[in-house]
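S.K.: fold the following, please.
(one chain, ligands or ions: 1)
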Amino acid sequence: MDTRYDLLLRDAALPDGRRADIAIVDGRIQAVEPQIPAAAAQELACDGHLVSPPFVDAHFHMDSSLTWGQPRVNASGTLLEGIALWGELKPQLTQDTLVERALRYCDWAVARGLLAVRSHVDVCDPRLLAVEALLHVKERVRPYLDLQLVAFPQDGVLRSPGALANLKRALDLGVDVVGGIPHFERTMEQGAESVRILCELAAERGLRVDMHCDETDDPLSRHIETLAFHTQRLGLGGRVAGSHLTSMHSMDNYYVSKLIPLIREAGVAAIANPLINITLQGRHDSYPKRRGMTRVPELLAAGVDVAFGHDCVMDPWYPLGSGDMLEVAHMGLHVAQMTGHAAMRQCFEAVTATPARILGLEGYGIAPGCQADLVLLQARDPVEAIRLRATRLAVIRRGRVVARTPAAVATLDLPGRSGPVDWLASRPEDWLAP
Ligand code: FE2
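M.R.: Now for the predicted structure:
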């Protein structure tokens, strides 16, 4: 047998609609062509199911994940009570429990085809316990998951004593990205000052920036304007992200018509976190209640990169979640009312190609030369994957199958309607078929 290839995926439906075989050698994609004639050491029959590059989570908190209920549940459901609760939990954290929870979450992620995560890590604890734990986890999981860490001053880099020094120490230890939280500083001026200091620090060190920015329903929270300004001033375009940006939901439309072009011009990406912000925002509203997610379709229409992040899984801010980026895309699609066909595909990109760009992942995609990191889904295209939150039949990392899940099969026993349910036979093309 010709074993020129290590692995050959047969008859894959690609996210762009093409059908092709995918040939893999030494952990990289070597060819993407219809009906590749050669055999391989291992073949995987895709039978026209979707093969996508892996899911990427642009915004997560791995240090707090899987702590829900410790030491108590968030009674008000607000961001601020969540921050207070996390403050109560921090003194009780240990290296071992941090590592154990993070590794468990990474298991969930890989099983869901989520192979790259940007996680913020709180640097306000002078012991830097969480930083050391997640740097250790980053090395442990490297063979199967790319973990990028953001030095995140949860209690405010200016408001929390020693936070700036701790943040710099975290960067010295190897944390990748500069974080911030300007809306949590004491005043608007201090918030703006924090953005300046942190962007200059990133410029000095040649690092990327990802700030929690304007995660509030206050329409006058305008730190994104300052973030765009310093990004442009320091030439950091393409390396800066504003996370959450929920105040934009409540801003005056006239101001937004000036703001979005400034974000675009500066090259700042936006990261919305639909599961979290649909539950956290609007908590001070009676009715009508604001949705609170940033203006996703408008940012996309202006040419801004917009990713959807998971943000939280079972922590002081959110009791649910399982590392399923299709659930994130599903919620984002609903909250942003992105039900047009092209818009639904953009929601899929918001959990795959777009966050890969924001993280600066090397060799991401399905083309010769790319890393052989792939997910085989029980769906035929990206829209169907979101609709069904499709089963990840196989997850491939560097050319090796690292996780499998059996296909979701339901069998009916009804008069005249017995047998397996065909979840896939419901596309308009099928209705129109002769
Ligand atoms: Fe966050």
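
S.K.: quick one: contacts for the nearest residue to D146 once chain neighbours are set aside?
M.R.: Of all residues not flanking D146 in the chain, A116 sits nearest, at 4.1 Å (Cβ to Cβ, 6 or more residues apart in numbering). Every residue, glycine included, has its C-beta placed from N, CA and C. A116 sits next to 54-57, 145-148, 355-356, 359, 361, 364 when contact means Cβ atoms under 8 Å, 6 or more residues apart in numbering.

S.K.: same check on L275?
M.R.: Counting by Cβ under 8 Å, 6+ apart, L275 touches H310, D311, C312, Y318, L320, G321, E327, V328, M331.

S.K.: the same query, at a cut-off of 7 Å, please.
M.R.: Shown in contact with L275 (Cβ atoms under 7 Å, 6 or more residues apart in numbering): H310, D311, Y318, G321, V328, M331.

S.K.: in strands, which of these fall?
M.R.: Members of these lying in strands (criterion: DSSP state E): none.

S.K.: distance check, A23 against H244.
M.R.: Distance from A23 to H244, counting by Cβ to Cβ, to the nearest Å: 41 Å.

S.K.: more neighbours, the two?
M.R.: Counted by other Cβ atoms under 10 Å, A23 and H244 do not tie: H244 has more neighbours, with 30 against 21.

S.K.: ok, for that one, nearest residue in space, not its chain neighbours?
M.R.: Using Cβ to Cβ, 6+ apart and skipping residues adjacent in sequence, the residue nearest H244 is E215, 3.8 Å away.

S.K.: what does H136 give?
M.R.: Using Cβ to Cβ, 6+ apart and skipping residues adjacent in sequence, the residue nearest H136 is V99, 6.0 Å away.

S.K.: off-centre distance for the helix or strand where H120 lies?
M.R.: Assessed by DSSP states H and E, H120 sits inside strand 114-122. Mean-position distance between strand 114-122 and its chain equals 8 Å (Cα atoms, centre = their mean, to the nearest Å).

S.K.: stretch 162-171 now?
M.R.: Average the C-alpha atoms of stretch 162-171, do the same for its chain, and the two points are 25 Å apart (Cα atoms, centre = their mean).

S.K.: same question for stretch 67-85.
M.R.: Distance of stretch 67-85 from its chain centroid, counting by Cα atoms, centre = their mean, is 22 Å.

S.K.: in it, what counts as buried?
M.R.: Going by neighbour count (16 or more other Cβ atoms under 10 Å), the buried part of stretch 67-85 is T67, W68, Q70, N74, T78, L79, E81, G82, I83, L85.

S.K.: circling back: give me the secondary structure label for the residue nearest to H244.
M.R.: coil (DSSP: H, G, I helix; E, B strand; the rest coil).

S.K.: that one reaches L79, doesn't it?
M.R.: Yes: applying Cβ atoms under 7 Å as the test, E215 and L79 come out as touching, 6.3 Å apart.

S.K.: quick one: buried residues of stretch 333-348?
M.R.: L333, V335, A336, M338, A343, M344, R345, Q346, C347, F348.

S.K.: quick check, nearest of the buried residues of stretch 67-85 to L171?
M.R.: Of all these, I83 has the smallest distance to L171: 22.5 Å, by Cβ to Cβ.

S.K.: and S250, how many neighbours?
M.R.: For S250, the count of nearby residues is 19 (other Cβ under 10 Å).

S.K.: test my guess that it contacts R290.
M.R.: Yes: the criterion here is Cβ under 7 Å, and S250 meets it with R290 at 6.1 Å.

S.K.: of all the buried residues of stretch 67-85, which comes closest to R397?
M.R.: Each of the buried residues of stretch 67-85 was checked against R397 using Cβ to Cβ; the closest is T67, at 27.4 Å.

S.K.: how near is that closest one to A228?
M.R.: Per Cβ to Cβ, T67 is found 34 Å from A228.

S.K.: what of S250?
M.R.: Taking Cβ to Cβ as the criterion, S250 is separated from A228 by 18 Å.

S.K.: now do E33
M.R.: Separation of E33 from A228 (Cβ to Cβ): 43 Å.

S.K.: give me the element the most centrally placed residue in the chain is part of.
M.R.: In the chain, the C-alpha nearest the mean C-alpha coordinate belongs to D57, at 2.0 Å (Cα atoms, centre = their mean). In this assignment (DSSP H and E), D57 forms part of strand 55-60.

S.K.: list the helices and strands that strand packs on?
M.R.: Contacts defined by 3 or more Cβ pairs under 7 Å, 6 or more residues apart in numbering; DSSP states H and E place strand 55-60 against strand 114-122, helix 353-359.

S.K.: how about a markdown table for these, with mean pLDDT added?
M.R.: Shown next, in a markdown table, are the helices and strands packed on strand 55-60 (pLDDT from 0 to 100):
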| stretch | mean pLDDT |
| --- | --- |
| strand 114-122 | 98 |
| helix 353-359 | 98 |
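
S.K.: most tightly packed of those?
M.R.: strand 114-122 (a mean of 27; mean count of other Cβ atoms under 10 Å).

S.K.: pairing partners for it, with directions?
M.R.: strand 55-60 (parallel), strand 146-152 (parallel) (DSSP bridges).

S.K.: put together TSV for these, with distance to L220 and mean pLDDT on each row.
M.R.: Output for these, formatted as TSV (distance: least, Cβ to Cβ, whole Å; pLDDT from 0 to 100):
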stretch	distance to L220	mean pLDDT
strand 55-60	24	98
strand 146-152	24	98
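
S.K.: who wins for proximity to I396 among those?
M.R.: For the strands paired with strand 114-122, proximity to I396 was assessed by Cβ to Cβ; strand 55-60 is nearest, at 12.8 Å.

S.K.: just how off-centre is the closest one within its chain?
M.R.: The answer for strand 55-60 is 2 Å, by Cα atoms, centre = their mean.

S.K.: and it, C-alpha only, in PDB?
M.R.: Extracted in PDB, the C-alpha atoms of strand 55-60 (Å, rounded to 0.1, in the frame of the first residue of the first chain):
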ATOM      1  CA  PHE A  55     -12.900  26.100  17.400                       C
ATOM      2  CA  VAL A  56     -11.000  28.900  19.000                       C
ATOM      3  CA  ASP A  57     -12.100  30.700  22.100                       C
ATOM      4  CA  ALA A  58     -10.800  34.300  22.100                       C
ATOM      5  CA  HIS A  59     -12.000  35.100  25.600                       C
ATOM      6  CA  PHE A  60     -12.000  32.900  28.600                       C
END
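
S.K.: want to try TSV for the strands paired with strand 114-122, with distance to R205 as columns?
M.R.: Listed next are the strands paired with strand 114-122 as TSV, based on distance: least, Cβ to Cβ, whole Å:
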stretch	distance to R205
strand 55-60	21
strand 146-152	11
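
S.K.: before we move on, back to that, now do the shared contacts for S250 and R290.
M.R.: Residues touching both S250 and R290 (Cβ under 7 Å, 6+ apart): D217.
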